[in-house]
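K.L.:
Quick one, what's the 3D model for this:
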Amino acid sequence: MRKRILLAAALLAGCAGQPVGESGVANTQVDSESRQRARAFTDLASAYFARAQYKVALDELRKAITADNHFGPAYNAYGLIYMELTEDKLAEENFRHAIELDRSDSVTRNNYGWFLCTRGRYDEGLEQFSIALRNPLYTHPEEAMANSGLCAERKGDLALAEANLAKSLKLQPDNPNTLLKLAGLNFRRGRLMETQRLLGRHAELAPPTSESLWLGLRLERKLGDRSQEAAYGLQLRKHFPDSNEAKLLQTGQYE
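P.N.:
Below is the predicted model:
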């Protein structure tokens, strides 16, 4: 599972300024002290969420909403937690409420888009990414572009997936996760030399993961380099013995 790739700090830290309603006019009635308390509680919830302390995170979000029930990022955080807990109805309700409060909230649209994609609602998810990317003030367009690529891959549109991942990488050339995802996509499309190049770049930027080692192992198996294949397998069994990839290796499920 692509656990928490899109749930990095930036995704919960998209705490924009004042909420914006459907008219696009900021709500100037919100007390600044209440807004600050809501932001502080949401930041705490983000920290607890990152440590998988979901109950405590939810408690902090209740305090945030009590302080300011128009603070959109708190509802976005609710959505992320309920998404992780597979409480899909609650997750969607909170994502949608955050968007209702601020239709230009690209951070929430990115998260909501990924939620939709992971639930098989690919076209709806791709539309959310598209809306997020149309916002010229969105500070992390590479995230929505990468997620759009991964969503397209899940849908089976490999051409669109490759195009979007390549665009994301152009925006952030040293993102190891995007490099790895693009390498995996090239492997699926039979472009072994490009896969090898991207994997090499990934190795320069980040330590190996179970995913990168498994991809490297299968790549070298295709290329016929048994020595390098064995080296990848050794690292995978040593450093990630409980991973899904290690289990696949143990059972010989290379495809």
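K.L.:
what's the nearest residue to Leu182 if we skip its chain neighbours?
P.N.:
Leu165 (4.5 Å; C-beta to C-beta, 6 or more residues apart in numbering). Every residue, glycine included, has its C-beta placed from N, CA and C.
K.L.:
Okay, and the one you found sits in which element?
P.N.:
Taking DSSP states H and E as the criterion, Leu165 maps to helix 158-171.
K.L.:
Give me the buried positions along stretch 55-66.
P.N.:
Residues 57-58, 60-61, 63-65 are the ones in stretch 55-66 that count as buried (16 or more other C-beta atoms under 10 Å).
K.L.:
and the residues you listed, which of them are in helices?
P.N.:
57-58, 60-61, 63-65 (DSSP state H).
K.L.:
In a markdown table, list the residues you listed along with pLDDT.
P.N.:
Formatted as a markdown table, those follow (pLDDT from 0 to 100):
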| residue | pLDDT |
| --- | --- |
| Ala57 | 97 |
| Leu58 | 97 |
| Glu60 | 97 |
| Leu61 | 97 |
| Lys63 | 97 |
| Ala64 | 97 |
| Ile65 | 96 |
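K.L.:
So Leu236 versus Ala230, what's the distance?
P.N.:
To Ala230, Leu236 is 11 Å away according to C-beta to C-beta, to the nearest Å.
K.L.:
And for Gln53?
P.N.:
Going from Gln53 to Ala230 by C-beta to C-beta gives 40 Å.
K.L.:
If we only consider the ones in helices among the buried residues of stretch 55-66, which is nearest to Gly79?
P.N.:
When these are ranked by distance to Gly79 (C-beta to C-beta), Leu61 comes first, at 10.4 Å.
K.L.:
residues in contact with the closest one?
P.N.:
Leu61 makes contact with 41-42, 45, 74, 77-78, 81 under the criterion C-beta atoms under 8 Å, 6 or more residues apart in numbering.
K.L.:
could you flag which of the residues you listed are buried?
P.N.:
Among the contacts of Leu61, those classed as buried by 16+ other C-beta under 10 Å are 41-42, 45, 74, 77-78, 81.
K.L.:
That concludes my questions; thank you for your assistance.
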